[in-house]
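In: Structure here, sequence nowhere to be found:
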Ligand SMILES: *Cc1c(COP(=O)(O)O)cnc(C)c1O
């Protein structure tokens, strides 16, 4: 399987190399040259598979023999052995034909563990085979950093440096990152905001001359193809659990960078009968405005109660545009060029395709709180604010009551106790058992000036020989 850039100008890569890259050199994102498709009878034959077995079926065609079968199976097995629920992605019913897919049973309590546990083990395997070491550099406003650190803490060939804005991530999120004290894990609290962190990482990828020869940066944000690929699995798993392919299912997805919902779109392309795919946004609603009014324009960032979706521009939307424009790399390059002015307009044909594929809905803070409250009163089930947005969007846009609506629960409520308390729940949601002692764990992080030279010197001085 070859991987190509959405802007059509970079050379294609094989699977292992695509995992070790960030953006393509032409500025695009990588996608497989062609998507595997599964027949209805093949999907029907998977109903007895557990999560790991199903993951192998979905992932193997993308790897396309570059990793031997037994090794790939072992990587998958190891990646989900850290989840604390045997169902890996259990379903909970909250209403008539309405389901919550709990994607927060991994080590850091957010869905990002699904991809980052896998990516950590995959990197370890590839680098070991190649006798190569890499440096991971990533910026986080919370969830990505902890999931990436947890995924890579045991990787001998990876030094991981995660930048978070000093004093601006929640206590739970900071503790989850900084209490990992392995030698290859480095938390940098940057004296700046999240944007500064992201800019720093971007410029470092663009000019990697601060690294010694033979060392390169690897991306852990959702521009990395492995992240999207691993997320396709739970759409199939949930769909099959609720009767697919013999009946269709729908999904509602709280969306930020468009990685998670893009995986849902791919599940559909690959043969899962999905009736409705709902893009749920908070007040940072560029995707909702784009689908509903062809308004893909930048607006100032709003800090909401669902911080993991506080994103001005969704990086993975470019992958979707590539599909909507029939894989015309030159057109995407032009569109992204236009967008530098702060706005892009989709051509009519692409917009109408997008509208056939997706419903969209924006849910503000006030509504988010009332949904948490309402669902708790009626079911005693506690939602985190991101999940509440997905559920509300599902209820608003739902077209069929006979098709199961599956709402992706992207985080555990204990990760966002402030919102839950604001929603009027008297007691704070408890951390799961394995994290009870989180606040008494030793912390390790370095506060650094918002200066690229300082950060690069720190990385050079702290990475392994
Ligand atoms: C990252 C994240 C999202 C957004 O996912 P995308 O793939 O960026 O769309 C939603 N909810 C939570 C809790 C997250 O951590």
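Out: That came through fine. From a predicted model like this one, the values you see are computed outputs, not experimental measurements. Residues are numbered from 1 along each chain as shown.

In: what's the closest residue to the ligand within the stretch 51-200 of the chain in contact with, if anything?
Out: With distances taken as C-beta to the nearest ligand atom, the stretch 51-200 of the chain approaches the ligand most closely at residue 143, which sits 3.4 Å away. C-beta coordinates here come from the backbone N, C-alpha and C atoms, glycine included. Residue 143 makes contacts with 108, 110, 112, 173, 308, 411, 415, as judged by C-beta atoms under 8 Å, 6 or more residues apart in numbering.

In: nearest residue to it other than its sequence neighbours?
Out: In this structure, residue 143 finds its nearest non-sequential neighbour in residue 110, 4.4 Å apart by C-beta to C-beta, 6 or more residues apart in numbering.

In: Next, the one you found: phi, psi?
Out: Main-chain torsions, residue 110, degrees, to the nearest 10: phi -140, psi 160.

In: which strand residues sit across from it in the sheet?
Out: Taking DSSP bridges, one obtains residue 411 as the residues bridged to residue 110.

In: what's the neighbour count on residue 172?
Out: Close neighbours of residue 172, defined as other C-beta atoms under 10 Å, add up to 21.

In: An error on my part: the question was meant for residue 352.
Out: 12.

In: can you pull the pLDDT of it?
Out: Per-residue confidence for residue 352 comes out at a pLDDT of 98.

In: Quick check: buried residues in the helix ranked longest in the chain?
Out: Secondary structure of the chain per DSSP state H: the longest helix is helix 112-130. By neighbour count, and taking 16 or more other C-beta atoms under 10 Å as the criterion, the buried residues in helix 112-130 are 112-127.

In: Of those, which ones also sit close to the ligand?
Out: The subset of the buried residues of helix 112-130 lying close to the ligand, counting by C-beta under 6 Å from any ligand atom, consists of residue 112.

In: from the buried residues of helix 112-130, which single one is nearest residue 48?
Out: Proximity of the buried residues of helix 112-130 to residue 48 (C-beta to C-beta) peaks at residue 114, which lies at 21.4 Å.

In: What pairs with the next helix or strand after the longest helix of the chain, parallel or antiparallel?
Out: Tracing the chain C-terminally past helix 112-130 and defining elements by DSSP states H and E, one meets strand 134-139 next. Taking DSSP bridges as the criterion, strand 134-139 sits next to strand 158-165 (parallel), strand 216-218 (parallel) in its sheet.

In: which bits of the chain sit near the ligand?
Out: Taking C-beta under 6 Å from any ligand atom as the criterion, the neighbours of the ligand within the chain are 110, 112, 143, 222, 254-260, 308-309, 386, 410-411.

In: hey, where'd the helices end up in the stretch 1-150 of the chain?
Out: Counting by DSSP state H, counting those that start in this stretch, the segments of the stretch 1-150 of the chain that form helices are 15-19, 40-44, 51-63, 69-80, 112-130, 143-152.
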